[in-house]
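In: When you get a sec, could you give me coordinates for this:
(one chain, ligands or ions: 2)
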Amino acid sequence: MSHFDLIILGSGSGNSILDERFADWKVAIIDKGVGSRGSFGGTCLNVGCIPTKMFVHTADVAGSPEAGARLGVDLERRGVDWPAVRDRIFGRIDPIADAGERFRAEEQPNVRLLRGNARFTGLRKLSVELPDGDVTVSADRVVVAAGSRPRLPPIPGLAESGFHTSDSVMRLERLPERMIVLGSGFVAAELAHVFASFGVAVTVVARFGALLRGEDAAISQRFTELASRHWDLRLNRKVVGVERDGEVVRLRLDGTDGAQTIEAEELLVAVGRVSNADQLDATVGGLELTRHGQIAVDAHQKTTAEGVWALGDVSSEHQLKHVANHEARIVQHNLLHPHEPIRSDGLVVPHAVFSSPQIASVGVTEEQARSRGLDYVSAVQDYAGIAYGWAMEDTTGFAKLLAEPDTGRLLGAHIIGPQAATLIQPLVQAMQFGLDARTMARGQYWIHPAMPELIENALLKLPLR
Ligand SMILES: Cc1cc2nc3c(=O)[nH]c(=O)nc-3n(C[C@H](O)[C@H](O)[C@H](O)COP(=O)(O)OP(=O)(O)OC[C@H]3O[C@@H](n4cnc5c(N)ncnc54)[C@H](O)[C@@H]3O)c2cc1C
Ligand SMILES: NC(=O)c1ccc[n+]([C@@H]2O[C@H](COP(=O)([O-])OP(=O)(O)OC[C@H]3O[C@@H](n4cnc5c(N)ncnc54)[C@H](O)[C@@H]3O)[C@@H](O)[C@H]2O)c1
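Out: Residues are numbered from 1 along each chain as shown. Ligands and ions are numbered 1, 2, ... in the order given. Below you'll find the predicted structure:
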């Protein structure tokens, strides 16, 4: 058995903890890899944020003929060369993952990289399955950054159907003619946009009457309306069975208006992600889990086991890379300064959905404000009512703000439309640093006629007392 100063389980956000300040620590990094190559570096780099956004940007470019047509520009899309797009994207990502792995494995004498599946066998003690047999390792401190994996619903026939998840679908051999996307959250919205823009006939199957139901209802409704123009939406549907028949996969659906069967060449399952905590024998290591199956942590990212921290998707209620990165920085500090620990809470958590159109959000939705009994006012500003939105001939985007009527303190911001993920950032800043709506609107210049005038006008529309 080998003993270390520090074991990091997971090479995604956990890998970013190690810098030159750990040069004299004896460290083990354990990782079993993600995706079809078993890549080093975790979800975001290999099968998450980075490849999806490289595909989404390509999809946005593929949508130029439609955008041009609104403006009197006649563009022709002659096709999307899938192998070229796919190989460009992974031709950039794979070498980064491989270089990251080589760096840890070969260039850092104080670091030992163990590429295998790990589970706890005791307090700060783990067994790792390596190709030439299991090894047991222990440490004075352990960081669990083991992430999450796609959830697979218990649908009869699914396991035999040759379905994809976000782990595999971005490396398809060829573009199918048709694809069924099961689910209506982040992954479904982003990847349906990608494949539909590349010419695939996409059918989205959702359990309820709208897509992206976690968003403010006005945003979710607008997105659903717009999505129905490009994708075949099967809302309020339950999948009761899946069958593969050669090249074709068939889904049997049940809903209020009866049974239906739909078919396609490929099926993408995107119904959420589950924490990998259940695969770690966490309780054997003294780690308690939450009722949602994540590793329980306190505000210092400490678990219930002495000397064990956790971060990212394995323990967080937010499955977002900026949250995992922030928590990794907190753990890093707390490892280096155990007597001056800092907290990870207290930040507002924004998110964006990179679909078409983009969506971005921070703070409470109107439904949450109402159910929590908050005193609030709201305002909506259309892109069509500001100069740049006008220039773009945008007719469907808007920003919606919620604020306290007396103080002007912002409670929530929700944007659907071009560059929503960028436009939200000044509102995140205002909420985080307590800038009220009036001061934000009138205490600075807003470049004319730039897109942030959307925010300026929405702020000015808030009916504050
Ligand atoms: C398709 C997709 C798109 C996304 N897009 C975005 C986005 O645009 N913006 C955003 O903020 N977030 C996005 N996310 C979410 C983001 O990727 C995650 O929140 C983030 O990567 C989590 O990082 P992590 O370090 O917690 O886990 P990971 O990066 O998943 O790292 C965990 C590592 O632990 C390893 N591991 C797990 N269990 C074991 C074990 N028992 N033994 C050994 N090793 C193990 C895994 O192999 C993995 O390498 C996306 C996710 C997906 C799936
Ligand atoms: N841009 C981003 O930041 C980004 C992009 C992709 C993923 N992510 C992260 O990854 C997480 C996972 O993404 P996701 O889209 O898989 O999950 P999600 O939680 O966003 O959405 C899951 C969807 O699946 C539906 N669903 C659940 N069970 C179902 C069933 N049995 N049949 C049909 N539908 C079912 C839900 O109603 C929901 O619409 C996200 O929550 C997000 O935190 C972030």
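In: how about the nearest residue to the residue nearest the centre of the chain, chain neighbours excluded?
Out: Geometric centre of the chain, nearest residue: residue 320, 4.9 Å, by Cα atoms, centre = their mean. Residue nearest to residue 320 in three dimensions, not counting chain neighbours: residue 351, with 5.8 Å by Cβ to Cβ, 6 or more residues apart in numbering. C-beta coordinates here come from the backbone N, C-alpha and C atoms, glycine included.
In: so what's that neighbour up against?
Out: Listed by Cβ atoms under 8 Å, 6 or more residues apart in numbering, the contact set of residue 351 reads 186, 318, 320, 360, 361, 362.
In: list the helices and strands the longest helix anywhere in the chain packs on?
Out: Using DSSP state H, we find that the single longest helix of the chain is helix 82-106. Secondary structure elements in contact with helix 82-106, counted by 3 or more Cβ pairs under 8 Å, 6 or more residues apart in numbering; DSSP states H and E, are helix 42-47, helix 49-62, strand 111-114.
In: so, if you compare the contacts of residue 351, which one comes nearest to ligand 1?
Out: Nearest to ligand 1 among the contacts of residue 351 is residue 320, at 3.7 Å by Cβ to the nearest ligand atom.
In: my guess is that closest one meets residue 352, correct?
Out: No: judged on Cβ atoms under 8 Å, residue 320 makes no contact with residue 352 at a distance of 9.5 Å.
In: quick revisit: turn the contacts of residue 351 into TSV, including secondary structure and distance to ligand 1.
Out: Putting the contacts of residue 351 into TSV (DSSP: H, G, I helix; E, B strand; the rest coil; distance: Cβ to the nearest ligand atom, whole Å) gives the following:
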residue	secondary structure	distance to ligand 1
186	helix	7
318	coil	8
320	coil	4
360	strand	11
361	strand	13
362	strand	13
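In: Run through those and flag the ones next to ligand 2.
Out: Filtering the contacts of residue 351 for proximity to ligand 2 by Cβ under 6 Å from any ligand atom leaves 186, 320.
In: now the one residue in the stretch 351-465 of the chain that gets nearest to ligand 1: how far from residue 59?
Out: Using Cβ to the nearest ligand atom, the closest approach of the stretch 351-465 of the chain to ligand 1 is made by residue 354 at 6.1 Å. Using Cβ to Cβ, to the nearest Å, one gets 9 Å for the distance from residue 354 to residue 59.
In: now do residue 308
Out: As judged by Cβ to Cβ, residue 308 and residue 59 stand 41 Å apart.
In: coming back round to it: residues making contact with the longest helix of the chain?
Out: For helix 82-106, the external contacting residues (Cβ under 8 Å, 6+ apart) are 11, 15, 29, 37, 39-41, 45-46, 50-51, 54-55, 58, 111, 113, 170-172, 174-175, 198.
In: Quick one: buried ones out of these?
Out: The neighbour count (16 or more other Cβ atoms under 10 Å) marks 11, 15, 29, 39-41, 45-46, 50-51, 54-55, 58, 111, 113, 170-172, 175, 198 as buried among the contacts of helix 82-106.
In: among those, which are in reach of ligand 1?
Out: Counting by Cβ under 6 Å from any ligand atom, residue 11 from these sit close to ligand 1.
In: Phi first, then psi, for whatever residue of the stretch 51-200 of the chain ends up closest to ligand 2.
Out: Proximity of the stretch 51-200 of the chain to ligand 2 (Cβ to the nearest ligand atom) peaks at residue 185, 1.8 Å away. Its backbone dihedrals place residue 185 at phi -100, psi -150, with angles given as degrees, to the nearest 10.
In: For it, which residues are in contact?
Out: 212, 214, 270, 271, 272.
In: And for the closest residue to residue 230 other than its chain neighbours, the neighbour number?
Out: Leaving aside its sequence neighbours, residue 230 sits nearest to residue 196 (Cβ to Cβ, 6+ apart; 5.2 Å). The local packing of residue 196 (other Cβ atoms under 10 Å) involves 23 other residues.
In: pLDDT (mean, whole number) over whatever helix or strand residue 196 lives in?
Out: Assigning secondary structure by DSSP states H and E places residue 196 in helix 186-197. Average pLDDT, helix 186-197: 98.
In: packing partners for it?
Out: helix 49-62, strand 178-182, strand 201-205, helix 217-227, strand 351-353.
In: Residue 410 and residue 432 touch, don't they?
Out: No: judged on Cβ under 8 Å, residue 410 makes no contact with residue 432 at a distance of 9.8 Å.
In: Which one's more surrounded, these two?
Out: residue 410 (25 against 14).
In: domains in this structure, as residue ranges please.
Out: Listed by automatic domain parsing, the domain ranges of the chain are 2-149+274-336, 169-271, 357-461.
In: for residue 367, what are its contacts?
Out: Residue 367 neighbours (Cβ under 8 Å, 6+ apart): 216, 217.
In: and if we set it to 7 Å?
Out: residue 217 (Cβ atoms under 7 Å, 6 or more residues apart in numbering).
In: Could I get the pLDDT score of residue 1?
Out: Residue 1 is given a pLDDT of 67.
In: quick one: the strands in the stretch 201-350 of the chain?
Out: Ranges of strands in the stretch 201-350 of the chain, per DSSP state E, counting those that start in this stretch, are 201-205, 232-234, 237-245, 248-255, 258-264, 266-269, 273-275, 308-310.
In: Quickly compare the ones you listed and say which is most buried.
Out: Neighbour counts (mean count of other Cβ atoms under 10 Å) averaged over each of the strands of the stretch 201-350 of the chain peak at strand 308-310, with a mean of 28.
In: Now do that one, average pLDDT.
Out: The pLDDT scores in strand 308-310 average 98.
In: Pull the residues that contact it.
Out: Here strand 308-310 makes contact (Cβ under 7 Å, 6+ apart) with 124, 142-144, 285, 287, 295, 297, 301-303, 331, 334.
In: try 6 Å
Out: Where contact means Cβ atoms under 6 Å, 6 or more residues apart in numbering, the residues beyond strand 308-310 that reach it are 142, 143, 144, 295, 297, 301, 302, 303, 331.
In: The fifth one and residue 315 touch, don't they?
Out: To tie it back to what came earlier, the one meant is residue 297. Yes: look at residue 297 against residue 315 with Cβ atoms under 6 Å: they come within range, at 4.9 Å.
In: ok, residue 410 - contacts?
Out: 403, 430, 431.
In: A strand includes the last one, no?
Out: No: assessed by DSSP: H, G, I helix; E, B strand; the rest coil, residue 431 does not belong to a strand; its assignment is helix.
In: Tell me the spacing between it and residue 69.
Out: The gap separating residue 431 from residue 69 is 38 Å, by Cβ to Cβ.
In: quick one: low-confidence parts of the protein?
Out: Along the chain, segments meeting pLDDT under 70 span 1.
In: What residues does it have near ligand 2?
Out: By Cβ under 6 Å from any ligand atom, the part of the chain that sits against ligand 2 consists of 153, 182-188, 190, 207, 270-273, 319-320, 351-354.
In: Quick check: ChimeraX command selecting the buried ones in those.
Out: Typed into ChimeraX, the next command selects the buried ones out of the residues of the chain next to ligand 2 (criterion: 16+ other Cβ under 10 Å):
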select :182,183,184,185,186,187,188,190,207,270,271,273,319,320,351,352,353,354
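In: In this protein, spot the strand with the most residues.
Out: For the chain, the strand that runs over the most residues, judged by DSSP state E, is strand 133-144.
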